[in-house]
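> build me a model from this:
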Amino acid sequence: MADLPANTEDTLLEFPCRFPLKVMGDRHDDFVPTVVDIVRIHAPDFDAELDLVMRESSSGKYQSLTMTVNAASKAQLDRIYQDLTGHPLVKVVL
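Numbering: from 1, shown residues only. You can find the predicted model right below:
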C-alpha cells in the first residue's frame, strides 16, 4: 500500500469539500430540528432549505436525513459525528 502524505489526517478526502451525512432515528417531532441544530454548531453555513433531504421509512416509524455540509476538515466532521451519535434521538450516522 502506498504511503499517504502526513497532512492527510488519515483521510482520503480533500478539504474543503461538500460532504453528505446520513442521520437516522425514530420519527419524533424534535428529531429534525435537533439534528439541524447539532450540525449548525459545527457547520454554521449549513442551509437546511437547500441541503437537507428527509425520508420516512415505509412503516413511518423512522426518519432519515441526508444533510450535505461544507466540510473544512476531518476534525470538523469528527465533531459532528461525535455530537450526533451521542444524542438519544439519533440511532445511526453514516
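> for burial, what's the neighbour tally of His42?
Neighbours of His42 under the rule other C-beta atoms under 10 Å: 20. In this view, the C-beta of every residue, glycine as well, is placed from N, C-alpha and C.
> which positions in stretch 80-89 come out as buried?
Residues 80, 83-84, 87, 89 are the ones in stretch 80-89 that count as buried (16 or more other C-beta atoms under 10 Å).
> endpoint to endpoint, it covers what distance?
Distance across stretch 80-89, first residue to last, is 15 Å (C-alpha to C-alpha, to the nearest Å).
> contacting residues around it?
With C-beta atoms under 8 Å, 6 or more residues apart in numbering as the test, stretch 80-89 has contacts from 21, 23, 25-26, 28, 30-31, 34-35, 38-39, 41-43, 69, 90, 93.
> contacting residues for the residue sitting nearest the centre point of the chain?
Centroid-nearest residue in the chain, with C-alpha atoms, centre = their mean: Leu21, separated by 3.5 Å. Contact analysis of Leu21 by C-beta under 8 Å, 6+ apart lists 39, 65-69, 80-81, 84, 93-94.
> closest one of these to Leu50?
Here the nearest of the contacts of Leu21 to Leu50, counting by C-beta to C-beta, is Thr68; it sits at 8.5 Å.
> and the closest one, what helix or strand is that in?
strand 62-71 (DSSP states H and E).
> list the strands paired with that strand, with their directions.
Strand pairing for strand 62-71, using DSSP bridges, gives strand 17-26 (antiparallel), strand 52-56 (antiparallel).
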